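Enquirer: following is a predicted model, sequence given first.
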Amino acid sequence: MSEPRVNELLAIALEVLEEEGLENLGVGTISRRAGIKPPSLYKQFESKADIERQLADLGFGLWVAQLAAASDALPETATRYDHIESIARAYRRLGLEHPQLFRLMNLRPFLGVELMRAVGETTKIDYAALFPSMMVSMSFWAWGHGILVLESAGRFPAAVDTDDMWKLMIDSIHAIA
C-alpha cells in the first residue's frame, strides 16, 4: 500500500464523512470523489470497515495532536485547573470541528487506560497527577462526552449556554479532586 495514496484517500473519505454523514459514508462515494472505480479503492483498503477504522485512528491522532498543542501552550505556572480546562477544550474542539468523525470514533470500544497512556506519552499531560482516580478521570470523559454529543447534534434549547455548561463541568471535576 502506498502511504501517500492511502492518506489522500483518507482525506477524501473524511470529507465525505463530514459532508454526507456517517450513514452515507460509502465506497462508491469515496471512489467517485477520488476519480477511481470502487475496486481500485480496495487496492488501498481491505474493506469499508478498514476505511472506518483508519478514519477513527486518524481522529484519535487529531485529538492527541490537539491535546499536545493545548498542553504545550500552557505556561510552566499552569494550574491543575488550567490543565483540565485545556483537555476539555481540545476534546470539544475536535467534536465540533469534526462531528461525524467524532461519532465514528465513539462507535469503537473506548480505549480507556490505553488511550490515556498514549496521550501521556505524546503530551505533557499527566493524567495521574490531574485525576486522583480512574473513576474521576472516566467521569470527566463521560460528562464531557455527553455534553459534546448533545451540543454537536444541536439538541440543547437556545436558552442553554453550552460554554457555561462546559465551565460547570470543569469546575466540578476540579473540585472533586
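Expert: Structure's in. What do you need?
Enquirer: chain center to stretch 160-177, what's the gap?
Expert: What separates the centre of stretch 160-177 from the centre of its chain is 19 Å, taken as C-alpha atoms, centre = their mean, to the nearest Å.
Enquirer: buried residues in that stretch?
Expert: Buried positions in stretch 160-177, judged by neighbour count with 16 or more other C-beta atoms under 10 Å: 166, 169, 170, 173, 174. To be clear about C-beta, it is placed using only N, CA and C from the backbone, and glycine gets the same treatment.
Enquirer: just stretch 84-97 next, same as before
Expert: Quick answer for stretch 84-97 (16+ other C-beta under 10 Å): 84, 85, 86, 87, 88, 90, 91, 92, 93, 94, 95.
Enquirer: what are the contacting residues of it?
Expert: Stretch 84-97 has contacts (C-beta atoms under 8 Å, 6 or more residues apart in numbering) with 59, 62-63, 66-67, 69-71, 73-74, 78, 101-102, 125, 130, 140, 144-145, 147-149, 151-152, 166, 169-170, 173-174.
Enquirer: for PyMOL, write the select line for the buried members of the residues you listed.
Expert: Buried residues among the contacts of stretch 84-97 (16+ other C-beta under 10 Å), as a PyMOL selection:
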select buried, resi 59+62+63+66+67+70+71+101+102+125+130+140+144+147+148+151+152+166+169+170+173+174
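Enquirer: looking at this protein, which helix or strand is least sure?
Expert: Least confident element among the helices and strands of the chain, by mean pLDDT, DSSP states H and E: helix 113-122 (a mean of 65).
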